[in-house]
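Asker: Sequence and predicted model, in that order:
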Amino acid sequence: MKDYSKLEEFIRRHYTSLLAVANRFVDPDTAQDITQNVIYKFIEKETLINQIENADSFLFTMVKNEALAHFRAAKNENKRYEQLRTEEAEDSEVLRILIEEESNQMLLNAIEILPPQTAHIIRLVLAGYNNKEIATLVNVSINTVKTIKYGGIRKLREYFLSHQF
């Protein structure tokens, strides 16, 4: 369709009705894109134009197929995006677990170098026992538990400050 007057006439004749059909399937911006794509594809096939008896019906079918292709592409894109988000969340969770595990291991190693009674009290603190419960379990006064606990925390702090990782 090298004759631009015929091309212009073709577009004037079909654009509005094709756009109306496309608007039934998709949003207005996408409908304009689909309509323009259909017209472009149709006029690129000069041999096709001469073989088709009912161009309107054929063009409407092309619009419908383009709209369906748009939905499939959007659906696939959404799937890929969700998969990426899931993988990213999983990677983040794995990284968080690894860091937590490494931190716990470092803490356990640091506790091992404490004096035995201090290490035992610190482990009980980490297990969730309060000072009164620890005093009963270790058979010492609450004040002794507090003194040993805070001394152990101070030694752990010093250990981590001197072994910055």
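Answerer: Yep, that arrived.
Asker: For residue 131, what are phi and psi?
Answerer: phi -60, psi -40 (degrees, to the nearest 10).
Asker: hang on, it packs against residue 142?
Answerer: Yes - counting by C-beta atoms under 8 Å, residue 142 is a contact partner of residue 131 at 5.2 Å. For glycine as for every other residue, the C-beta is placed from the backbone atoms N, C-alpha and C.
Asker: More neighbours: these two, which one.
Answerer: For residue 131 versus residue 142, neighbours defined as other C-beta atoms under 10 Å are more numerous around residue 131 (17 against 14).
Asker: Pull up the gap between residue 14 and residue 25, please.
Answerer: 17 Å (C-beta to C-beta, to the nearest Å).
Asker: swap that for residue 34, sorry
Answerer: 8 Å.
Asker: These two: which has the busier surroundings?
Answerer: Comparing residue 34 with residue 25 by other C-beta under 10 Å, the one with more neighbours is residue 34, at 25 against 16.
Asker: State the distance from that one to residue 12.
Answerer: 18 Å.
Asker: now swap in residue 99 and tell me
Answerer: Relative to residue 12, and taking C-beta to C-beta, residue 99 is found at 65 Å.
Asker: in the chain, which spans are helices?
Answerer: 4-25, 28-44, 46-51, 55-112, 116-126, 131-138, 142-162 (DSSP state H).
Asker: Mean confidence (pLDDT) on the fourth one, please.
Answerer: Same thing as helix 55-112. In this model, helix 55-112 has a mean pLDDT of 81.
Asker: I'm done for today, thanks for sticking with me.
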